[in-house]
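Student: could you look at this predicted model? Sequence included:
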Amino acid sequence: MTAPDGTQHDDRRDPEGLTGILEALEHAVSQARAMPMSSSVLVNRAELLDLLDQAFAVLPTQLTEADEVLAGADEVLADARARAEQVIAAARARADELVATEQVVVAARVRADEIVAEAERTAVALRRDADDYCDRQLADFEIDLGKVLAQVQAGRAKLADRLDLEP
């Protein structure tokens, strides 16, 4: 690759990041010249040492960035868990409130039914007592009317006797 100043530039000499350096190391080893009749290869010591120096230089930065990312992820996870716990706590509180409200409503309905039943029993008893009172009053009135009727009949009879006696 040609740099802007016209010089040749090999990307493997200045790879970006730890991954780029490791790829450059892999490329250097895989492209190394093989030794005849052996699995060994000849590598450029200076090139590999340079790449390793770059890796060691980048590694603390990469690890620091990774630690920061992990710490950020831990904070986000902790925040999400805290929010989830708040939501769950609020939901439980609301459920308890609804259950309590339902229990109050059920208890109120039961009590209302008891009050209505007692009121109906009281109304029946009052109606019976009122009917008995009216019946007694009418019986007394009937007796009084019977007496008045007897007096009226006696008075008319006396009048009829006088009318018959008079010439």
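Tutor: Structure's in. What do you need?
Student: can you tell me the centre-most residue of this protein?
Tutor: Ala91 (3.1 Å; CA atoms, centre = their mean).
Student: how near is it to Ala82?
Tutor: Distance, Ala91 to Ala82, using CB to CB, to the nearest Å: 15 Å. (Glycine included, C-beta is placed from N, CA and C.)
Student: and if you look at Val69?
Tutor: In terms of CB to CB, Val69 sits 20 Å off from Ala82.
Student: which elements pack onto the longest helix along the chain?
Tutor: In the chain, with assignment by DSSP state H, the single longest helix is helix 45-165. Where contact means 3 or more CB pairs under 8 Å, 6 or more residues apart in numbering; DSSP states H and E, helix 45-165 is packed against helix 17-30.
Student: compute the number of surrounding residues for Leu51.
Tutor: 23 (other CB atoms under 10 Å).
Student: check what contacts the helix or strand bottoming out on mean pLDDT in the chain and list those residues.
Tutor: Least confident element among the helices and strands of the chain, by mean pLDDT, DSSP states H and E: strand 41-42 (a mean of 82). If you take CB atoms under 8 Å, 6 or more residues apart in numbering as the criterion, strand 41-42 is touched by 29, 32-35.
Student: nearest to Val110 among those?
Tutor: Within the contacts of strand 41-42, the smallest distance to Val110 is 85.1 Å, found for Val29 (CB to CB).
Student: what about that closest one, distance to Val58?
Tutor: Going from Val29 to Val58 by CB to CB gives 19 Å.
Student: more crowded one of the two?
Tutor: Relative neighbour count places Val58 above the other of Val29 and Val58, with 17 against 11, counting by other CB under 10 Å.
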